[in-house]
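Undergrad: need a 3D model of the following:
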Amino acid sequence: MSGFDQHIGRETRTSISGLEVEGDAEQIANSRANRHLRQIYAARAYGLAAGCIVLWAALLAIQGGIKATIGIEMWSDQVLIAVTTGVTVSVLAAFLGVIRGLFPGKDERAPAPP
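TA: Alright, predicted model coming up:
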């Protein structure tokens, strides 16, 4: 660590104490654990978003297949448009909420402890 000596007007070097080394090691361990948790939860958020979209695409394919083969329409076009829009917006909002929680911006980060 370096400090500024007010009396002489020059920069001085201070020795690193054992307490500072332990604090740095703990901070490194916390950063690694935080990074690991971010990777886990980011993968889960992506899996949830992708799973919802794939499930909705499968339901649309089933709807199209039933209408093409039997001629019976399960849902009207307005219902499909409304539900598709709702599912897409909900999944994207949830995904963005999780990602913002995992990776906060510079202004949202908690201040580092002294």
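
Undergrad: before we move on, what SS does the residue nearest the centre of the chain have?
TA: Geometric centre of the chain, nearest residue: residue 99, 2.0 Å, by C-alpha atoms, centre = their mean. Taking DSSP: H, G, I helix; E, B strand; the rest coil as the rule, one finds residue 99 in the helix state.

Undergrad: next one, pLDDT for the closest residue to it other than its chain neighbours please.
TA: Excluding the flanking residues, the one nearest residue 99 by C-beta to C-beta, 6 or more residues apart in numbering is residue 45, at 6.3 Å. All C-beta spots, glycine's among them, are computed from the backbone N, C-alpha and C. Looking at residue 45, its pLDDT is 80.

Undergrad: within the helices and strands, which one has residue 45?
TA: Assigned by DSSP states H and E, residue 45 belongs to helix 18-69.

Undergrad: from memory the residue nearest to the centre of the chain sits against residue 43, does it?
TA: No: Residue 99 is beyond contact range of residue 43, at 11.5 Å (criterion: C-beta atoms under 8 Å).

Undergrad: pLDDT on stretch 68-85, on average?
TA: The pLDDT scores in stretch 68-85 average 86.

Undergrad: can you list contacts of it?
TA: 56, 60, 63, 66-67 (C-beta atoms under 8 Å, 6 or more residues apart in numbering).

Undergrad: and what about the closest residue to residue 52 other than its chain neighbours, helix, strand or coil?
TA: Excluding the flanking residues, the one nearest residue 52 by C-beta to C-beta, 6+ apart is residue 91, at 4.7 Å. Under three-state DSSP, residue 91 falls in the helix class.

Undergrad: ok, residue 91 - contacts?
TA: Taking C-beta under 8 Å, 6+ apart, we find residue 91 in contact with 48-49, 52-53.
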